[in-house]
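Peer 1: whatever this is, show me its structure:
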Amino acid sequence: MDAPYRAGTDVHVLPTHLPLPGIGVLPINAYVLHAEEPVLVDTGLGSDGDEFVEALTSVVDPAALRWVWLTHDDADHTGNIQRVFELAPNARLVTHAFSALRMSSWWPVPFDRVHAIRPGDRVAVGDRTLRAVAPPLYDNPMSTGFLDEATGALFSVDSFGALLPEITEDAGQVPADALAGGMQAWATSDSPWSALVDRSLFAEVLEGVRRLQPATILSSHLPAASGTSLDRFLEVIATVPDAEPAVSPDHVEFNHMIAAMLAGHP
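Peer 2: I've put the predicted structure just below:
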């Protein structure tokens, strides 16, 4: 785990990252939204375990959580969900209905605590309302982010993620070329289906994101970014369907990558 940091007055980022030798680093974020009814967004990596709970506890009492918004049921978002639910007995699980059902294959999801959502739904969390939003790119069709209608913070799930040269706490600190290249590289590997889309329909989807006019962009795989970056981000995402497809490592390349990872992180 990396040290938690603030992204605005009422959001803490709970960051970690995955080093990818020869490629860069991939940020992996969970978030705490300090609403009147506090919200945890995703639950980090299972391999972080105690460190994740320690980071969470440093910014909010887990017992005070009233909502856990699970953007989708991939492993880098669900790593500590069962433990969090033990520590947060009054929290409800906000997620796509099928995410809740799929997770029940590996942990006893308390269905009576599930609040199923789909894009367009609104969830009141005391002093504000969160509007469920479908991200423009995703690796899991259950992916559901949200717009905090009080502050304009957009939680964009995997969209706008990037492979970066190094970890920062502000996407504005990443050189523009490195950010654009890293964002395109991430998008082509995370959403390979984008090469098959109707370009005009995809443009309409991106225009829908533009109309949200977020004040802050909080991606699961990017440092916190100002909403003023949105036009630039959308320009990059618009190129993804026509970009060179991502190619995964073959067996030899994979072994070299793992050896380098183990050398740096015994």
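
Peer 1: in this protein, where is pLDDT below threshold?
Peer 2: Judged by pLDDT under 70, the chain has its weakly predicted residues at 265-266.

Peer 1: try it again with 90
Peer 2: For the chain, the stretches with pLDDT under 90 are 8, 20-23, 245-249, 253, 256-266.

Peer 1: which non-adjacent residue is nearest P135?
Peer 2: Using C-beta to C-beta, 6 or more residues apart in numbering and skipping the chain neighbours, the partner closest in space to P135 is S159 (3.9 Å). (Each C-beta comes from the backbone N, C-alpha and C, glycine too.)

Peer 1: next, that neighbour: secondary structure please.
Peer 2: What DSSP: H, G, I helix; E, B strand; the rest coil gives for S159 is coil.

Peer 1: ok, now which ones touch it?
Peer 2: The contact partners of S159, by C-beta atoms under 8 Å, 6 or more residues apart in numbering, come to 135-138, 145, 219, 237.

Peer 1: of all these, which two lie farthest apart?
Peer 2: Pairwise distances across the contacts of S159 (C-beta to C-beta) peak at 14.3 Å, for the pair G145 and I237.

Peer 1: those two - which one has more neighbours?
Peer 2: G145 (25 against 22; other C-beta atoms under 10 Å).

Peer 1: identify the bridge partners of that one.
Peer 2: Beta-bridge pairing of G145 under DSSP bridges involves V133.

Peer 1: which stretches of the stretch 51-200 of the chain form strands?
Peer 2: 67-69, 92-96, 114-117, 122-124, 129-133, 145-148, 153-155 (DSSP state E, counting those that start in this stretch).

Peer 1: quick check: the gap between A132 and Q213.
Peer 2: Distance, A132 to Q213, by C-beta to C-beta, to the nearest Å: 17 Å.

Peer 1: so those two - more neighbours on which side?
Peer 2: Using other C-beta under 10 Å, the more surrounded residue of A132 and Q213 is A132, with 18 against 11.

Peer 1: for that one, what are its contacts?
Peer 2: Contact analysis of A132 by C-beta under 8 Å, 6+ apart lists 117-123, 144-146.

Peer 1: picking up where we left off before, dump the strands of the stretch 51-200 of the chain into a markdown table; add distance to E36 as well.
Peer 2: Formatted as a markdown table, the strands of the stretch 51-200 of the chain follow (distance: least, C-beta to C-beta, whole Å):
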| stretch | distance to E36 |
| --- | --- |
| strand 67-69 | 11 |
| strand 92-96 | 15 |
| strand 114-117 | 17 |
| strand 122-124 | 10 |
| strand 129-133 | 11 |
| strand 145-148 | 12 |
| strand 153-155 | 15 |
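
Peer 1: now, of the ones you listed, which is deepest in the fold?
Peer 2: strand 153-155 (a mean of 27; mean count of other C-beta atoms under 10 Å).

Peer 1: is it fair to say V25 lies in a strand?
Peer 2: Yes - counting by three-state DSSP, V25 is found in a strand.

Peer 1: isn't it right next to T16, touching?
Peer 2: No - look at V25 against T16 with C-beta atoms under 8 Å: they stay out of range, at 10.3 Å.

Peer 1: what about these two, which has more around it?
Peer 2: Shown here are V25 and T16; by other C-beta under 10 Å, T16 has more neighbours (21 against 17).

Peer 1: phi, psi of the more buried one?
Peer 2: Here is the backbone geometry of T16 (degrees, to the nearest 10): phi -140, psi -180.

Peer 1: same question for A215.
Peer 2: phi -80, psi -30.

Peer 1: now do the contacts for the nearest residue to it once chain neighbours are set aside.
Peer 2: Closest residue to A215 in three dimensions, ignoring its sequence neighbours and counting by C-beta to C-beta, 6+ apart: G152, at 3.3 Å. G152 makes contacts with 213-216, 227, as judged by C-beta under 8 Å, 6+ apart.

Peer 1: where along this structure do the helices fall?
Peer 2: Using DSSP state H, the helices assigned to the chain run over residues 50-59, 75-78, 81-87, 97-103, 176-190, 199-212, 230-239, 251-264.
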